[in-house]
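Build the 3D model from these lines:
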Amino acid sequence: MRTRLKHPVLVDRICFVIVCLFSVIALTPFIILVFELFKRGFKQFNWDFFTETAPGSVEAMLAQIGGHPVTGGIVNGIYGSLAVILIAVGFAVPIGIFAGIYIYEKQTCKLSTAVQYAGIILKGTSSVIVGLVAYLWISLFFDHSPVLAGGLSLTILLLPSIIQSTWHTLLSIPENLKESGFALGASYSNVWFQIILPSVRKPLLSRILTSSTPIVGSTAPLIIAVLGSSAINRDVDNSATTLSLLIWRFFNHPNMVDLMWGASLFLFLIVVMLNLINRHLKKNRHEK
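Residues are numbered from 1 along each chain as shown. Predicted coordinates for the structure are as follows:
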């Protein structure tokens, strides 16, 4: 028996070493990138960086010629990102939850099948095409509203994930939970809004956070829809900018590379914070 165990144990140890080796190889580029991000981006963090708007091309060029640091910040990008993401979440979350409930309740219905296929097609659609279509729709009905067009493009990108997340969350609910609500004489709406949805509040919120994180750094659809602006515009009819658009703009300008690293680090920290909140929700759910 001992002779037979020698070979499997040796193979197990070799496989363990190989997995560890390839894990280190896969993590090395990420570690180098994060180190460079903190090294070059943290130097830009100051009060002006979070309170001033991004500098113009001429201002940055003159500062570089004079040997002065390029002044400016990303407050217009922060405001634009908040506006676009709030519009996207405000539309996608309620529509996606109701669509997920409909798919869960009417799983054999043709319309439910059509909604599922539409979600699969939307998830595979290029984000640039989504941004173009959203911009054309908004321009047709609302007479050129870039912020609303950007929010609509992110809504289209986010909606399939919210629908799928809601549906998969509801599949984990025992069927007798809904039947017990009806047995007690509760109406259909009360069963859903006072029994079922509150019981899956945390796992559903966790899935929604997971689905919403990628749109924080989305750039391609916003290049067409939001257009970009150096000012803080509180009117959705005017052009605006987002953090991802600012990073793209700074990257294409040789005099604003330092600002690019600062904006990238700030966006990276936002994504990390959202993932930490998501892990906290999952941890509390598993403990309960």
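
How many residues are close by Thr28?
Using other Cβ atoms under 10 Å, Thr28 has 10 neighbouring residues. The C-beta positions use only the backbone N, C-alpha and C, and glycine is treated the same way.

With Tyr79 instead?
19.

Tell me the secondary structure of it, please.
helix (DSSP: H, G, I helix; E, B strand; the rest coil).

That one contacts Ala240, correct?
Yes: using Cβ atoms under 8 Å, Tyr79 is in contact with Ala240, at 7.5 Å.

Now the common contact residues for these two.
Jointly contacting Tyr79 and Ala240 under the rule Cβ atoms under 8 Å, 6 or more residues apart in numbering is no residue at all.

Does the helix or strand hosting Val17 pack against any helices or strands, and if so which?
Val17 is part of helix 2-41, with elements assigned from DSSP states H and E. Judged by 3 or more Cβ pairs under 8 Å, 6 or more residues apart in numbering; DSSP states H and E, the packing partners of helix 2-41 are helix 257-287.

Could you tell me the angle between the helix holding Val17 and helix 257-287?
Put simply, helix 2-41 runs at 140 degrees to helix 257-287, going by axes from the mean of the first three to the mean of the last three Cα atoms, to 10 degrees.

which one is Ala83 nearest to, not counting chain neighbours?
Ranked by Cβ to Cβ, 6 or more residues apart in numbering and with sequence neighbours excluded, the top spatial neighbour of Ala83 is Val147, at 5.4 Å.

From what I see, Pro221 and Val130 are in contact.
Yes: contact status for Pro221 versus Val130: in contact at 5.2 Å, counting by Cβ under 8 Å.

element containing Ser189?
helix 188-191.

C-alpha coordinates for that helix, PDB please?
Taking C-alpha atoms only, helix 188-191 is exported to PDB below (Å, rounded to 0.1, in the frame of the first residue of the first chain):
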ATOM      1  CA  TYR A 188     -49.100  38.900  -5.000                       C
ATOM      2  CA  SER A 189     -47.300  42.300  -4.600                       C
ATOM      3  CA  ASN A 190     -47.000  41.900  -0.800                       C
ATOM      4  CA  VAL A 191     -45.400  38.400  -1.200                       C
END
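
Counting by contacts, list what that helix packs against.
Applying 3+ Cβ pairs under 8 Å, 6+ apart, one finds that helix 188-191 contacts helix 175-183.

List of residues touching the helix it packs on?
Residues contacting helix 175-183 (Cβ under 8 Å, 6+ apart): 190-191, 195-196, 199.

Pull out the buried positions in it.
Under the neighbour-count criterion of 16 or more other Cβ atoms under 10 Å, helix 175-183 has 178, 181 buried.

for stretch 245-254, same thing?
Buried, per 16+ other Cβ under 10 Å, within stretch 245-254: 245-250, 253.

that older thread, output the contacting helices and strands for whatever helix or strand comes next after the helix holding Val17.
Using DSSP H and E, the helix or strand that follows helix 2-41 towards the C-terminus is helix 47-51. In terms of contacts (3+ Cβ pairs under 8 Å, 6+ apart), helix 47-51 is packed against helix 75-105.

next structured bit after the helix it packs on?
Going down the chain from helix 75-105, the next helix or strand is helix 110-123, by DSSP H and E.

what's the neighbour count on Met273?
Around Met273 there are 10 residues (other Cβ under 10 Å).

so how far is Ile156 from it?
25 Å (Cβ to Cβ, to the nearest Å).

repeat for Gly119
On the measure of Cβ to Cβ, Gly119 and Ile156 end up 11 Å apart.

now Ala99
Counting by Cβ to Cβ, the gap between Ala99 and Ile156 amounts to 13 Å.

For Asp48, which residues are in contact?
71-73.

In CSV: those residues, plus neighbour count.
Converted to CSV, the contacts of Asp48 look like this (neighbours: other Cβ atoms under 10 Å):
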residue, neighbour count
Thr71, 14
Gly72, 23
Gly73, 22
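
just curious, which of the residues you listed is nearest to Arg279?
Closest approach between the contacts of Asp48 and Arg279, by Cβ to Cβ: Gly73, at 30.4 Å.

which SS class is the closest one?
Applying three-state DSSP to Gly73 yields a three-state assignment of coil.

Pretty sure Thr51 is one of the things it touches, is it not?
Yes: at 6.0 Å, Gly73 and Thr51 qualify as touching, with contact defined as Cβ under 8 Å.

one step back: could you pull out the residues contacting both of Pro221 and Val130?
Counting by Cβ under 8 Å, 6+ apart, the residues touching both Pro221 and Val130 are 153, 157.

list the contacts for Asn190?
Neighbouring residues of Asn190 by Cβ under 8 Å, 6+ apart: Gly181.
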